[in-house]
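Engineer: Requesting a structural model of the entry that follows:
(one chain, ligands or ions: 1)
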Amino acid sequence: MSRQLCFISHATQGGKRVSFREGRLGRKMIKEAAEYTSSIHFDNEIYRETILINAVHLKMLSKLGYLSKEDLKKSLEILKELLTNPISLDDPFLEDIHIVIEEYLSRKVPAAGLNLALGKSRNDAVSTAIRMHVKNKIVELVDEGTKLAEALLRKGSEEVFTVFPVYTHMQVAAPATFGFIMTSYASRLLSALESLTQAYISADHCPLGAVAACGSSIKLDREWMASQLGFSYVLENSLEASSTRDFLIDVLSSLIKLTLPISDLSEELVIYSSKEYGLVDFPEEFSSTSSIMPHKKNPVVAEIGRTKLAEISSEFLRIIMILQRKMSGYVLDLQQVTPSVWRAINHALNTLRIFIELIPRIKVNHERAYELCGPPAGITELANILTTKYGIPYRTAHKICGEISLLIINNKLSDNELEQILKKTGININLTTKEVLSILEPRLVVNSYKTLGSANPYEVSRMVSQIQEQIEELKSWVDARRESLTNIENEIFENY
Ligand code: ARG
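Structural biologist: Numbering: from 1, shown residues only. Okay, here's the model as predicted:
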């Protein structure tokens, strides 16, 4: 108790705000300069986290004997109240949220507010707040991401037998199923969600206690503060902790990995829903029409969906450009990174949410899809048969099948033509048009696939169950993180 600081008499001077500028700087910033350098207009994202950080810091000061239990109790009540009744952040002269809270608390509990900066800098506090918020957002992203993966899997199961073409080079490559395509997107999404859980680990290192750059002579228990704030690790090196945002590279690259398949899927839906392809019916609730051309149904949600990746990538690039070429200690440039993070995360979240609604409403045109899978689409399998059954070298079989394809495309396939192709190549087998066409029947082709991960409906069903199991694991991950992140508030405010 003897070390307890007593600034109470200096707290306010006749009710006037005491600015900490006044020691070093004689004049106020001009309004334009204040606005130009302030982060207050995007600090609302880290409002809750900043309050929790201040609460934990005060608890730390109290544990060290620098703040009485009574003042701590009062401060915690005030900070808790600020969570439900936020203070306004619209004064253009305010530098940032940290100052707002410090000034507010200084007026209410001077012994606490005026000591908030003892052993705490905005540098370590803001870095901690961003990490906490990012962690929450990652949990939200993984939660929504699993829902989208499930929607894709459900669609995949419903359409597991729906014959559908797969394109390479935008030319029909082979018959597959719509279920197979949906499952491929679910699988890619799953991999992105796993990357997000890795990015969560990067974010889960607590910078608090690094102070401005080099640590402090105040004996802060960094491990205790980190665990109070729900972190699993301390980000030890104080210079790194106070002055870097490297972990955001993991977060942003995971967001790119997450939205890349959605961008591809969007592109595919835009193309499939054109009249020329006629492969899917894009839902009306997600389409617009033209203000001049009355016949139009435009798949606008997919158009925006495919471009979100570009928007996120540009935020990523913006972040890297700001982060590069800085000296090791904090610079205010770092502040300018933060809004990009929230924008990128929001683009990804909004995209996930809209696609969760869109996917179940996609209708496949089964007849058209079957038609596009017709001969010569599955002819690679005929070439396989010529090699495996008749011992014809694959290169020869490929050539024969190329010629047969041409006949099919030109509508000239006949027993006679087939016989001539085989004779010319010196192959002594009997192959009829009927046999060729029956081998190329799209359903038979799809069912003939035998490799792991193929489009064979049984293989697709197996993959659906496997991905579903992995999704269940991710859901438990989400639940566990949610629980621990919501518990921190109780722990901070109720247990001191
Ligand atoms: N508002 C800043 C940010 O968002 C934190 C303040 C750091 N300011 C300072 N002078 N060290 O990064």
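Engineer: Could you use CA atoms for every contact and neighbour count after this?
Structural biologist: Fine.
Engineer: so what does the host helix or strand of residue 181 touch, helix or strand wise?
Structural biologist: According to DSSP states H and E, residue 181 maps onto helix 178-203. Applying 3 or more CA pairs under 8 Å, 6 or more residues apart in numbering; DSSP states H and E, we find helix 178-203 packed against helix 122-158, strand 163-168, helix 247-272, helix 457-494.
Engineer: Quick one: closest of these to the ligand.
Structural biologist: helix 122-158 (4.9 Å; CA to the nearest ligand atom).
Engineer: List the buried residues in that closest one.
Structural biologist: Of all the residues in helix 122-158, those buried under the rule 16 or more other CA atoms under 10 Å are 122-157.
Engineer: which of those residues are close to the ligand?
Structural biologist: 122-123, 126 (CA under 6 Å from any ligand atom).
Engineer: got TSV for these, with pLDDT too?
Structural biologist: Formatted as TSV, these follow (pLDDT from 0 to 100):
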residue	pLDDT
122	98
123	98
126	98
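Engineer: got a pLDDT number for the residue lying closest to residue 353 once chain neighbours are set aside?
Structural biologist: For residue 353, ignoring the flanking residues on the chain, the nearest one in space by CA to CA, 6 or more residues apart in numbering is residue 144 at 6.7 Å. Residue 144 is assigned a predicted lDDT (pLDDT) of 98.
Engineer: Kindly report the same for residue 11.
Structural biologist: Predicted confidence (pLDDT) for residue 11: 37.
Engineer: What parts of this protein come near the ligand?
Structural biologist: Neighbours of the ligand within the chain, by CA under 6 Å from any ligand atom: 39, 96, 122-123, 126, 334-335.
Engineer: Show me the strands in the protein, by range?
Structural biologist: All strands of the chain, identified by DSSP state E, fall at 163-168, 171-177, 205-206, 233-234, 280-281, 363-364.
Engineer: any idea which of the ones you listed is most buried?
Structural biologist: strand 205-206 (a mean of 26; mean count of other CA atoms under 10 Å).
Engineer: partners of that one, with directions?
Structural biologist: strand 233-234 (parallel) (DSSP bridges).
Engineer: Nearest approach to residue 401 belongs to which of the helices and strands packed on helix 178-203?
Structural biologist: The minimum distance between residue 401 and the helices and strands packed on helix 178-203 falls on strand 163-168, with 18.4 Å, by CA to CA.
Engineer: Using CSV, write out every CA atom in that closest one.
Structural biologist: The C-alpha coordinates for strand 163-168 follow below in CSV (Å, rounded to 0.1, in the frame of the first residue of the first chain):
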residue,chain,number,x,y,z
VAL,A,163,-23.9,-36.0,-64.4
PHE,A,164,-22.2,-32.7,-65.1
PRO,A,165,-19.3,-31.7,-67.3
VAL,A,166,-15.9,-30.6,-65.9
TYR,A,167,-14.1,-28.1,-68.1
THR,A,168,-10.3,-27.7,-68.6
